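# the following comprises the amino acid sequence and a computationally predicted model.
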Amino acid sequence: MTGDKFDDLLARRLRLIEGTLGAKAAEYATAADRLHNFKRAAAVTGQHPAQACVGMMVKHLVSVLDIVDASAAGRAAAADLIDEKVGDAINYLILLEAILKEGL
């Protein structure tokens, strides 16, 4: 991949991250707490919010692993599926970072 193509991919991904996390905030967060969903899940399961986040993230990581395995076997996934699953994994890592840094 050329440097220009990579830069385009990165710029597009950053736009998608911002759009997705902004849109999902309306669905999963409260006005007072962007991490509400994870704290609520943690309370239900008796976990730390970071553990709840990782638990939710695992299904997305499994999808990424399935895409990687398929690619290694010569069965490329559709570009839109790659976009979705890689984006989900990135977004969950950003949310995990927020949870871990919130109390610092």
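Everything's here; your move.
# ok, which stretches of the chain are helices?
3-28, 36-45, 49-72, 79-102 (DSSP state H).
# how about the ones you listed in TSV, adding mean neighbour count and mean pLDDT?
For glycine as for every other residue, the C-beta is placed from the backbone atoms N, C-alpha and C. Shown next, in TSV, are the helices of the chain (neighbours: other CB atoms under 10 Å; pLDDT from 0 to 100):
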stretch	mean neighbour count	mean pLDDT
helix 3-28	11	94
helix 36-45	16	96
helix 49-72	15	97
helix 79-102	15	96
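# kindly export stretch 26-33 (C-alpha atoms) in PDB.
Output in PDB follows, covering the C-alpha atoms of stretch 26-33 (Å, rounded to 0.1, in the frame of the first residue of the first chain):
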ATOM      1  CA  ALA A  26     -26.900   9.100  22.000                       C
ATOM      2  CA  GLU A  27     -28.000   5.500  22.300                       C
ATOM      3  CA  TYR A  28     -25.700   4.200  25.100                       C
ATOM      4  CA  ALA A  29     -24.500   7.200  27.100                       C
ATOM      5  CA  THR A  30     -26.200   9.800  29.300                       C
ATOM      6  CA  ALA A  31     -25.600  13.500  29.100                       C
ATOM      7  CA  ALA A  32     -23.700  13.300  32.400                       C
ATOM      8  CA  ASP A  33     -21.700  10.100  31.600                       C
END
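# and that stretch, how far out from the chain's middle?
17 Å (CA atoms, centre = their mean, to the nearest Å).
# contact partners of it?
35-37, 39 (CB atoms under 8 Å, 6 or more residues apart in numbering).
# and of these, the nearest to residue 4?
Distance ranking of these against residue 4, using CB to CB, places residue 35 first at 36.4 Å.
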